[in-house]
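Visitor: structure for the following, please:
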Amino acid sequence: MLQKIAPILPAYNIPDTILFYKNRLKFLTYNYGNYLLVKKDLIEIHYIEWQGSGKLVPASCYLFDDNIEDLFSKFCSMDIPDSSGNLKTNAWGKKEFHIKDNNGNILRFGQVIE
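Guide: Prediction:
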């Protein structure tokens, strides 16, 4: 039985990504050199330092929350990039918003609307 998923996203710079998650989003961070684990509640996002010769192509992941309006308000009060003013209900039954991390990756936060 599948129980959990942990996306692996690219990072330009692991120390800068640690600062973004630790200081801005208040996540726990675990640094393994060119690999980073960030954790909050039951979710994990993994980062690997970009080693490519070309430009980093940002990725995205979807994070489910059980009280999206409170999370949205919290991120707005913390001046998190792209969080202000974009909480919406979409056609597929989710209320959601998104932010960009310091690497340009999109983190979409959502809650199923009953």
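
Visitor: all contacts plus neighbour counts: C-alpha atoms, from now on.
Guide: OK.

Visitor: state the distance from Lys74 to Ile14.
Guide: Distance of Lys74 to Ile14, computed by Cα to Cα, to the nearest Å: 25 Å.

Visitor: looking at these two, which one has more neighbours?
Guide: Taking other Cα atoms under 10 Å, Lys74 and Ile14 do not tie; Ile14 has more neighbours (21 against 14).

Visitor: how close does that one get to Asn34?
Guide: 7 Å.

Visitor: list residues touching both of these two?
Guide: Applying Cα atoms under 8 Å, 6 or more residues apart in numbering, one finds that Ile14 and Asn34 are jointly contacted by 48-49.

Visitor: mind checking the SS state of Leu9?
Guide: Here Leu9 is recorded as strand under DSSP: H, G, I helix; E, B strand; the rest coil.

Visitor: what is the neighbour count of the closest residue to it other than its chain neighbours?
Guide: Take Leu9 and drop its neighbours on the chain: the residue closest to it by Cα to Cα, 6 or more residues apart in numbering is Tyr47, 4.8 Å away. By the measure other Cα under 10 Å, the count of residues near Tyr47 is 23.

Visitor: now Tyr47: how far from Ile99?
Guide: From Tyr47 to Ile99 the distance is 16 Å (Cα to Cα).

Visitor: now do Gly93
Guide: As judged by Cα to Cα, Gly93 and Ile99 stand 20 Å apart.

Visitor: more neighbours: which of those two?
Guide: Using other Cα under 10 Å, the more surrounded residue of Gly93 and Ile99 is Ile99, with 19 against 12.

Visitor: so what's the backbone phi/psi at that one?
Guide: Reported as degrees, to the nearest 10, the phi and psi values for Ile99 are phi -140, psi 160.
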